[in-house]
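In: How does the following fold in three dimensions:
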Amino acid sequence: MYQILKQIIKTGIKTETPPQADEAMRPVEQRLQQSILDAFGGALAIRMVDAGSCNGCELEIHAVNNAYYNIEGLGIKFVASPRHADLLLVTGPVSRHMEIALKRTYDATPEPKLVVAIGDCACDGGIFGESYASCGKISNVIPVDVVVQGCPPTPVAILQGILTAISK
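Out: Predicted structure coming up:
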């Protein structure tokens, strides 16, 4: 214990400097908010579905919700029910026991609905592929509008995927 405390005191505090606000981005943010308001009549509601992932993509999706990326500041929020959702954010290869649940979630989402596949496993089956336990990629089970590659994709890539789906 003493060695750890000694190392902490010796190393000191190592953190990143906070990012400075870029005032040139304010008009872009306002245009995004207005386009979301025009397209959805309010906030964009997202339902996240884990179809059998390793949770790497979920960690990056949670990062999109933090104060640094501030997805809620754009008028995008996460909801608990697919009945309130405009967009499904699906991660992982579809495991056989999640196939029916994913179809039901898709069916419960009101029209017009968008589907974004997050991560390599959701886009093409990843290292799991198709097997007795996995249906493979999301598009094998439900239609997909946008795919976001990466294992796991960065929060910026996830945000770009969501915004690409909105612009379609």
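In: Number of residues surrounding Lys10?
Out: By the criterion of other Cβ atoms under 10 Å, Lys10 has 7 neighbours. C-betas here are computed from N, CA, C, even on glycine.
In: for the helix or strand hosting it, what is the average pLDDT?
Out: Lys10 is located in helix 2-11, with elements delineated by DSSP states H and E. Averaging pLDDT along helix 2-11 gives 81.
In: With stretch 27-45 instead?
Out: 73.
In: can I have stretch 118-138 written out in PDB, keeping just the CAs?
Out: Output of stretch 118-138 as PDB, limited to C-alpha atoms (Å, rounded to 0.1, in the frame of the first residue of the first chain):
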ATOM      1  CA  ILE A 118     -22.900   0.100 -34.500                       C
ATOM      2  CA  GLY A 119     -19.600  -1.800 -34.700                       C
ATOM      3  CA  ASP A 120     -18.100  -4.400 -36.900                       C
ATOM      4  CA  CYS A 121     -20.200  -7.200 -35.300                       C
ATOM      5  CA  ALA A 122     -23.400  -5.400 -36.200                       C
ATOM      6  CA  CYS A 123     -22.300  -4.500 -39.700                       C
ATOM      7  CA  ASP A 124     -20.800  -7.800 -40.900                       C
ATOM      8  CA  GLY A 125     -20.900 -10.300 -38.000                       C
ATOM      9  CA  GLY A 126     -17.400  -9.400 -36.900                       C
ATOM     10  CA  ILE A 127     -15.300 -12.300 -35.500                       C
ATOM     11  CA  PHE A 128     -18.500 -14.200 -34.600                       C
ATOM     12  CA  GLY A 129     -20.000 -14.400 -38.100                       C
ATOM     13  CA  GLU A 130     -22.900 -16.700 -38.600                       C
ATOM     14  CA  SER A 131     -23.100 -20.000 -36.600                       C
ATOM     15  CA  TYR A 132     -25.400 -22.100 -34.600                       C
ATOM     16  CA  ALA A 133     -25.500 -19.400 -31.900                       C
ATOM     17  CA  SER A 134     -25.400 -16.300 -34.100                       C
ATOM     18  CA  CYS A 135     -27.500 -14.900 -36.900                       C
ATOM     19  CA  GLY A 136     -24.600 -12.600 -37.900                       C
ATOM     20  CA  LYS A 137     -25.100  -9.000 -38.900                       C
ATOM     21  CA  ILE A 138     -28.100  -7.000 -38.000                       C
END
